[in-house]
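1. One predicted model, sequence on top.
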Amino acid sequence: MEYLVNENCIGCGMCATLCPSVFGLGGDGYAHAVGKPEDEDTKEAAEQAKDSCPVSAIEHK
């Protein structure tokens, strides 16, 4: 499953902290999807990051 961070992102970094292999903060200060989850643990972490986003800026692509 791939993820997309939409324009609602406020750059809090929660997703990058919870799942750094899938989300990262860019030079613009906002989160971006930087990879795809490759194993079950990473899939769970990515879903947790999605569900933890305070502005619901993460969606499935």
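-> Looks like it arrived, so ask away. No experiment lies behind these values; they were computed from the predicted model shown. Residues are numbered from 1 along each chain as shown.

2. When you work out contacts or count neighbours from here on, use the C-alpha atoms and nothing else.
-> OK.

3. Ramachandran angles for residue 7?
-> When read as degrees, to the nearest 10, the backbone of residue 7 gives phi -70, psi -10.

4. Verify the contact between it and residue 58 for me.
-> No. Contact criterion CA atoms under 8 Å: residue 7 and residue 58 do not qualify, at 9.4 Å.

5. neighbours of residue 26, just the number please.
-> Residues near residue 26, counting by other CA atoms under 10 Å, number 12.

6. Same check on residue 49?
-> Considering only other CA under 10 Å, residue 49 is surrounded by 23 other residues.

7. what's in contact with the longest helix along the chain?
-> Taking DSSP state H as the criterion, the chain has its longest helix at helix 40-52. Helix 40-52 has contacts (CA atoms under 8 Å, 6 or more residues apart in numbering) with 14-16, 18-19, 21-22, 37, 56-59.

8. And stretch 3-14, by the same measure?
-> Everything outside stretch 3-14 that qualifies as a contact, by CA under 8 Å, 6+ apart, is 24-25, 29-33, 36, 49, 52-53, 55-61.

9. Give me the mean pLDDT for it.
-> What stretch 3-14 shows for mean pLDDT is 98.

10. Next, the distance between the ends of it.
-> Terminal residues of stretch 3-14 are spaced 15 Å apart (CA to CA, to the nearest Å).

11. Show me which positions of it end up buried.
-> For stretch 3-14, a neighbour-count test (16 or more other CA atoms under 10 Å) marks 3-6, 9, 11, 13-14 as buried.

12. From residue 40, how far out is residue 25?
-> The spacing between residue 25 and residue 40, counted by CA to CA, is 23 Å.

13. more crowded one of the two?
-> Taking neighbours as other CA under 10 Å, residue 25 and residue 40 compare with residue 25 leading, 19 against 9.

14. How is residue 59 assigned, secondary-structure-wise?
-> At residue 59 the chain is in strand, as set by DSSP: H, G, I helix; E, B strand; the rest coil.

15. What residues are bridge-paired with it?
-> Residues in a beta bridge with residue 59, per DSSP bridges, are residue 4.

16. give me every residue that touches it.
-> 3-6, 50.

17. One more pass at 7 Å, please.
-> Counting by CA atoms under 7 Å, 6 or more residues apart in numbering, residue 59 touches 3-5.
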